[in-house]
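Colleague: Test case, fold it:
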Amino acid sequence: MLKGLLVDYAGVLTDPDAALLYDYLRDARANGTRTALVSNAPGAAPGVKTELSQYFDALVFSGEVGVAKPDREIYLVAAERIGLAAPRCVFVDDAERNVRGAVAAGMVGVHHRTVAGTLDELAALFS
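Modeller: Alright, predicted model coming up:
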């Protein structure tokens, strides 16, 4: 059973329709799904982290953990931080190579192309 949702920032949560994804994340988290942001950014300012923490149980920035997507280790770090094994997690990214990296780490991968398509896939996976 899938219990974790890991999401990229740039390209996914910056999509013009991303408000729908943020709503999904808030609802999923409220219903017991563990969530993590996985970003290749060096980090984020404290105010940004505070804002994101309403949607995510863990924030994983490559600059802070010393490994970047698509290296499988960053996905394993994120899964560990939300207390789940990789096979219980779904990873969403707009870069296909990053999705392949998550799949290589044992996760289910969702290649984000549109918000509607991603939400349809997540609804099927978490039903």
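
Colleague: How is residue 68 assigned, secondary-structure-wise?
Modeller: Each residue gets one of three states, and residue 68 gets coil by DSSP: H, G, I helix; E, B strand; the rest coil.

Colleague: Run the chain-centre distance for stretch 9-19.
Modeller: Chain-centre distance of stretch 9-19: 12 Å, with Cα atoms, centre = their mean, to the nearest Å.

Colleague: Next secondary structure after the helix or strand of the chain with the lowest mean pLDDT?
Modeller: Lowest on mean pLDDT, DSSP states H and E among the helices and strands of the chain sits helix 46-52, with a mean of 92. Later in the chain than helix 46-52, the nearest helix or strand by DSSP states H and E is strand 58-61.

Colleague: all strands for the protein, in order.
Modeller: Remark: strands assigned in the chain by DSSP state E are 4-7, 34-39, 58-61, 89-93, 108-111.

Colleague: For those strands, could you give me CSV that also reports mean pLDDT, mean neighbour count and distance to residue 26?
Modeller: No exception for glycine: its C-beta is placed from N, CA and C like everyone else's. Shown next, in CSV, are these (pLDDT from 0 to 100; neighbours: other Cβ atoms under 10 Å; distance: least, Cβ to Cβ, whole Å):
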stretch, mean pLDDT, mean neighbour count, distance to residue 26
strand 4-7, 98, 26, 12
strand 34-39, 98, 24, 9
strand 58-61, 98, 20, 15
strand 89-93, 98, 25, 15
strand 108-111, 98, 20, 18
